[in-house]
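**Student:** Here is my input; please provide its structure:
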Amino acid sequence: MHMSTSQAASELGISARQVRRSAANGRIVATKYGASHAFSQRQVQALERTAHRGRNWTDTVQKAALDLLATGTTTELSSTERSRLKQRIRTSDVGALAGQILRGRVSLRRAASDEAKSRFLAGLASELGLSGGGGLGVLVAQDANRAARKARLGLDDAGDIAVVEGEEMHRKALEALALYAYGDSRESSAASHWLAFAQQAL
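**Tutor:** From the prediction side, this is the model:
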């Protein structure tokens, strides 16, 4: 189901102009019909969950944050910058953290069948206590678009597979961030707990 710009604005509690601006700068994916936009429920939900204020993190800071969430350490920053980033991660809202790290990394896709979709069950799902059926699939790959094409996943802004650009060493953190942002309420809640624990472990 898709929403109009005004419906998305009402759902998000912002103006229609802000929704159009979010679509223009890539914060939310929209389907254009002439001069009008249509937004999937999943895209609106992800924007709502990952809203954050302030400047966007650089690619280096995004990678350092993923290193910290995945391994507790990073070589991307100096010791002072690393300490500041750890503190920022520990005190950040999970949604703001997801918004900063996932920015520009995720596309939604759809598999041709349920059988094909089952190959993309998040490896983190069992750790989170999530069942194997339904829900959001996740594919993490360094060349995410190529991996998605190879797996024959069609672009679909309401799709049920999150294709995430990233490294294997960051897989769990990226799966948790994608499940938090794009998953159903149960997946989002479970991922939020996992991420909160990773934040506080720093």
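**Student:** buried residues in stretch 68-75?
**Tutor:** 68-70, 74 (16 or more other CB atoms under 10 Å). Backbone N, C-alpha and C define where each C-beta goes, glycine included.
**Student:** Residues touching that stretch, excluding its own?
**Tutor:** Judged by CB atoms under 8 Å, 6 or more residues apart in numbering, the contacts made with stretch 68-75 from elsewhere in the structure are 63-64, 67, 82, 85-86, 89, 169-170, 172-173, 195, 198-199, 201-202.
**Student:** Now stretch 103-123: buried residues?
**Tutor:** Within stretch 103-123, the residues that qualify as buried are 105-111, 117, 120-122, counting by 16+ other CB under 10 Å.
**Student:** can you list these in TSV and add pLDDT and secondary structure?
**Tutor:** Putting the buried residues of stretch 103-123 into TSV (pLDDT from 0 to 100; DSSP: H, G, I helix; E, B strand; the rest coil) gives the following:
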residue	pLDDT	secondary structure
Arg105	93	coil
Val106	93	strand
Ser107	93	strand
Leu108	94	strand
Arg109	94	strand
Arg110	93	strand
Ala111	90	coil
Lys117	88	helix
Phe120	91	helix
Leu121	88	strand
Ala122	86	coil
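**Student:** Could you list the low-pLDDT ranges of the chain?
**Tutor:** Applying pLDDT under 70 to the chain picks out residues 1, 132-134.
**Student:** tell me the centre residue of it?
**Tutor:** Taking CA atoms, centre = their mean as the criterion, Ala178 is the residue nearest the geometric centre of the chain, at 3.6 Å.
**Student:** which SS class is that one?
**Tutor:** helix (DSSP: H, G, I helix; E, B strand; the rest coil).
**Student:** list the contacts for it?
**Tutor:** The neighbours of Ala178, taking CB under 8 Å, 6+ apart as the test, are 102, 106, 122, 136, 138, 162, 164.
**Student:** Can you say which two of these are spatially most distant?
**Tutor:** Looking at the contacts of Ala178 by CB to CB, the two members farthest from one another are Leu102 and Ala122, with 14.4 Å of separation.
**Student:** Quick check: phi and psi at the closest residue to Asn56 other than its chain neighbours.
**Tutor:** Computed as CB to CB, 6 or more residues apart in numbering, the closest residue to Asn56 that is not its neighbour in sequence is Arg103, at 6.0 Å. Backbone torsions of Arg103, given as degrees, to the nearest 10, read phi -50, psi 120.
**Student:** circling back: scan the contacts of Ala178 and report the most crowded one.
**Tutor:** Neighbour counts for those, by other CB atoms under 10 Å, peak at Ala162, which reaches 29 neighbours.
**Student:** right, and that residue touches Leu136 too?
**Tutor:** Yes: using CB atoms under 8 Å, Ala162 and Leu136 qualify as a contacting pair, with a distance of 6.0 Å.
**Student:** and Val163, what helix or strand is that in?
**Tutor:** Secondary-structure element containing Val163, defined by DSSP states H and E: strand 161-165.
**Student:** Counting by contacts, list what that strand packs against.
**Tutor:** Helices and strands touching strand 161-165, by 3 or more CB pairs under 8 Å, 6 or more residues apart in numbering; DSSP states H and E, are strand 106-110, strand 137-141, helix 144-150, helix 171-182.
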